[in-house]
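In: My questions are about this predicted structure, shown below with the sequence.
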Amino acid sequence: MLDMTPQSRVEAFLFREARLLDTGDFAAWLELYAPEGVYWMPSQPGQTDPLNVASIIYEDYPILSIRVQRLFEARALVLTPMPSTTHMLSNIEVEEGDDGIVRANCTFLCIQYQSSEQKTFAGRQSFELEPVGDSYRILLKRVDLVNAGGTLPLITIPF
């Protein structure tokens with residue numbers, strides 16, 4: 001393996017996470033999370049409290065596991081046909097903390113297509129990553145939509 005800088009390692013990890021979502025490999029996507037990992041999508045711009053203020057999504061690893069399992073159930077009619085997505089990430093910034101946790105921020109654009117309908121989601125993603133060997137595990141993924149606080153379409157799969 002090439003000797004990569006922390007910036008390029010994190011970029012490769014984030015691009016892999018996006019690719020797993022785009023290819024529908026949700027089981028492998030879930031494996032990127034630490035057992036204590038959390039996926040959070042605040043409902044309001046600048047929201048700081050995920051527990052006492054309603055969130056669009058606030059799921060720990062066990063709940064994420066259930067979500068992934070449901071994505072493959074035949075009775076999940078909202079996912080018939082399964083949506084396809086394309087994720088684009090840019091402006092990736094990486095900071096290594098004194099606590100050993102790597103923090104990354106980026107902008108994202110996610111195009112979701114299902115049943116002749118295309119939806120666009122955009123915003124910022126922030127990550128807290130735990131180094132594991134040459135890679136990472138997600139402790140926290142926060143997705144801040146540019147239109148948080150507004151009316152949103154049904155969100156059926158993670159992004």
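Out: Received, thanks. Numbers count the residues shown, from 1 in each chain.

In: For stretch 104-121, which outside residues touch it?
Out: Stretch 104-121 has contacts (CB atoms under 8 Å, 6 or more residues apart in numbering) with 10, 14, 18, 81-95, 122-127, 129, 143, 145, 153, 155-157, 159. Every residue, glycine included, has its C-beta placed from N, CA and C.

In: Try it again at 6 Å.
Out: Outside of stretch 104-121, the residues within contact range by CB atoms under 6 Å, 6 or more residues apart in numbering are 10, 83-94, 122, 124-127, 153, 159.

In: For it, buried residues please.
Out: Residues 104, 106, 108, 110, 111, 112, 114, 119, 121 are the ones in stretch 104-121 that count as buried (16 or more other CB atoms under 10 Å).

In: Among those residues, name the least confidently predicted one.
Out: The lowest pLDDT within those belongs to residue 114, with 85.

In: Name whatever forms a beta bridge with that one.
Out: For residue 114, the beta-bridge partners are residue 117 (DSSP bridges).

In: Quick one, which of the contacts of stretch 104-121 are buried?
Out: Using 16+ other CB under 10 Å, the buried ones in the contacts of stretch 104-121 are 10, 83, 85, 87, 89, 92, 94, 125, 127, 159.

In: now the nearest residue to the fourth one once chain neighbours are set aside: how far from residue 25?
Out: Read it as residue 87. The spatial neighbour of residue 87 that comes closest, neighbours along the chain excluded (CB to CB, 6 or more residues apart in numbering), is residue 18 at 3.7 Å. Separation of residue 18 from residue 25 (CB to CB, to the nearest Å): 11 Å.
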